[in-house]
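J.: any chance you could fold what I've pasted below:
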Amino acid sequence: MIPISIDQQLKKLVPNLVLGVVSAPVKVTKNSPLLWKEINKCVKKIESEITLVSLYDIPQIKALRDAYKLIGKDPSRYRGSQEALVRRILQGKGLYQINNIVDINNLVSLETLHSIGVYNTDNLKPPIVFRIGKPGESYKGIGKEVINIAELPLFADEIGPFGSPTSDSERTMIALETKNVIMVIISFTGSEYLRDQLQRIVNLLCNYAETPREKIETVIIK
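T.: Below is the predicted model:
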């Protein structure tokens, strides 16, 4: 497991912040029909249980939005990735099919309603810290223009920032040639259910990414 920590300035502002990390070798494929059966089942559940009005009462989403406000970022302009996924579903836009690893990431985000990031480990230079973005910091987002990441909670390695609960960078994105990943549950509501959620990721990687169970590592960072 590569070393990951939470910066104390961020932890002081958001004391309930916890990270759940899975490190694993994977086989990336364009599509998995069986995985998409699980995703479609989850989508239908969200459509039947959540509305655009009730969205903001969900504890995980409310906690992220509150954290952004404390740090100094407008959560209406910079939405958490889980909120953006749910909003797409409720607006009838559906989900993108990217690849099996990103699709697993999105499924678990929808199931847990936490923001979750997945990163190509081989493009990282440890150690990694989850901290507040500094003035002037930015990166090229996946499928987006350059993103202003100042005052966002973000992941950074020795090279620089590469991911946040809102949007991740192209540098560490998952491609078909990716061999090793870390998947991080970003919980602003503490560690309740986190071990079960990590186990869910483990099971999905074993089922849909040909990952040997004995080669998967998990850790909770507080």
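J.: from here on, just use CA atoms for contacts and neighbour counts.
T.: Will do.
J.: what segments of this structure are helices?
T.: 8-13, 33-49, 59-71, 81-90, 100-112, 194-208 (DSSP state H).
J.: which of those is buried the deepest?
T.: Of all the helices of the chain, helix 100-112 has the most neighbours on average by mean count of other CA atoms under 10 Å, namely a mean of 22.
J.: by contact count, what packs against that helix?
T.: helix 33-49, helix 81-90, strand 115-120, helix 194-208 (3 or more CA pairs under 8 Å, 6 or more residues apart in numbering; DSSP states H and E).
J.: swap in 10 Å and give it another go.
T.: With contacts defined as 3 or more CA pairs under 10 Å, 6 or more residues apart in numbering; DSSP states H and E, the packing partners of helix 100-112 are helix 33-49, helix 81-90, strand 115-120, strand 180-187, helix 194-208.
J.: so which of the helices of the chain gets nearest residue 158?
T.: helix 8-13 (17.9 Å; CA to CA).
J.: and the closest residue in space to residue 180 that isn't next to it in sequence, how many neighbours?
T.: Spatial nearest neighbour of residue 180, chain neighbours left out: residue 25 (4.3 Å); criterion: CA to CA, 6 or more residues apart in numbering. Residue 25 is flanked by 21 other residues according to other CA atoms under 10 Å.
J.: residue 25 reaches residue 183, doesn't it?
T.: No: counting by CA atoms under 10 Å, residue 183 is not a contact partner of residue 25; they are 11.1 Å apart.
J.: got a list of what the residue nearest to residue 180 touches?
T.: Counting by CA atoms under 10 Å, 6 or more residues apart in numbering, residue 25 touches 120-121, 178-182, 205, 209-213, 215-217.
J.: please tell me how far it sits from residue 91.
T.: Counting by CA to CA, to the nearest Å, the separation of residue 25 from residue 91 is 35 Å.
J.: over to residue 32?
T.: From residue 32 to residue 91 the distance is 24 Å (CA to CA).
J.: again, but for residue 184
T.: On the measure of CA to CA, residue 184 and residue 91 end up 27 Å apart.
J.: over to residue 55?
T.: 12 Å.
J.: which of the contacts of residue 25 ranks first by neighbour count?
T.: residue 205 (24 neighbours).
J.: count of neighbours near residue 143?
T.: As a burial measure, residue 143 scores 10 neighbours (other CA under 10 Å).
J.: need phi/psi at it.
T.: phi 70, psi 20 (degrees, to the nearest 10).
J.: residues contacting it?
T.: 167-170.
J.: need the pLDDT of it.
T.: pLDDT, residue 143: 82.
J.: what does the one 5 residues further on give?
T.: You'll see residue 148 listed with a pLDDT of 92.
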